[in-house]
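A.B. asks: give the three-dimensional model of this entry:
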Amino acid sequence: MKKATINNLEEMDYSGTEALNTICSNLTFSGRDLKKIVVTSCTAGEGKSFLTMHIVQNLARRGKSVVLVDADLRRSFLIKRYGLETEGEWRGLAHFLAGYDDLEDILYATNFDNVYVVPTGRDVANPIQLLDSPHFADMLNALARRFDYVIVDAPPVGLVIDAAEIAKVCDGTVFVIEYNKTRRREIIDAQRQIAQAGCQVLGCIINKVTFDSLSAKKYYNKSYYSHYNNEYYKRDGKKSSNSKKDRAR
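C.D. replies: Predicted coordinates for the structure are as follows:
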């Protein structure tokens, strides 16, 4: 199997690590049949890909074999943020779905024990036709037979339809929601899209929270900025609103 190197993986502080342990424990108790999990968010910049990477690493440390599928074919956060480097010619999901490569050609063992990755391969302007292909579902099923968990990093569901297409062939969805930023209507619409895709919502992770105003204990509060751009993921030529007036309180 070819090798890939994941760089620039940030360490979490104690409280963040404990919160992540709780999240991953809940995932492992969700049932043996729940193996293909898509992680998404409502909007850009909520910390989705950062948490996806740490969920993968946490599960691997528990002795689970985990494959991370980077399904953001429009703009891979994992490549840009973590400087993913692959052995040999760069190949990935887009090449497989387009019929150029077999699964073994795009599956890489990483520099972390029990962690494997399927990179995007290349950016695709209109990935829906590729993601809607039966080859995508077949690939996820093949990976689920080989690994304990298949974690799929998807684009924000509130910006493009890709995440709903991905969820159609997964067992469950986890939302990452930035505290006091994401609007209630955005959350409701995102949940409705996933439900219409026939995928159960396992829950949500409230990210970038401090409990300073709620308790004396300080909680996970480190800012992680996404390379997503709302302009890039615009719908119908309109930018998504992000004013303080529209935010959930």
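A.B. asks: strands of the protein, residue ranges please.
C.D. replies: 2-5, 36-41, 66-70, 85-86, 108-110, 115-118, 149-153, 172-178, 200-207 (DSSP state E).
A.B. asks: which of those has the lowest mean pLDDT?
C.D. replies: Ranked by mean pLDDT, the strands of the chain bottom out at strand 85-86, with a mean of 86.
A.B. asks: partner residues bridging the most centrally placed residue in the chain?
C.D. replies: Nearest to the mean C-alpha position of the chain, counting by CA atoms, centre = their mean, stands residue 153 at 2.4 Å. Under DSSP bridges, the beta-bridge partners of residue 153 are residue 39, residue 70.
A.B. asks: coming back round to it: okay if I get the strands of the chain as JSON lines plus distance to residue 129?
C.D. replies: C-beta: built from backbone N, CA, C; applies to glycine. Shown next, in JSON lines, are the strands of the chain (distance: least, CB to CB, whole Å):
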{"stretch": "strand 2-5", "distance to residue 129": "26"}
{"stretch": "strand 36-41", "distance to residue 129": "19"}
{"stretch": "strand 66-70", "distance to residue 129": "18"}
{"stretch": "strand 85-86", "distance to residue 129": "25"}
{"stretch": "strand 108-110", "distance to residue 129": "25"}
{"stretch": "strand 115-118", "distance to residue 129": "19"}
{"stretch": "strand 149-153", "distance to residue 129": "18"}
{"stretch": "strand 172-178", "distance to residue 129": "22"}
{"stretch": "strand 200-207", "distance to residue 129": "26"}
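A.B. asks: now the residue nearest to the centre of the chain: how far from residue 60?
C.D. replies: Using CB to CB, to the nearest Å, one obtains 15 Å as the distance from residue 153 to residue 60.
A.B. asks: looking at this structure, which helix or strand is least sure?
C.D. replies: helix 77-82 (a mean of 78; mean pLDDT, DSSP states H and E).
A.B. asks: elements contacting that one?
C.D. replies: Packing partners of helix 77-82 (3 or more CB pairs under 8 Å, 6 or more residues apart in numbering; DSSP states H and E): helix 48-61, strand 66-70.
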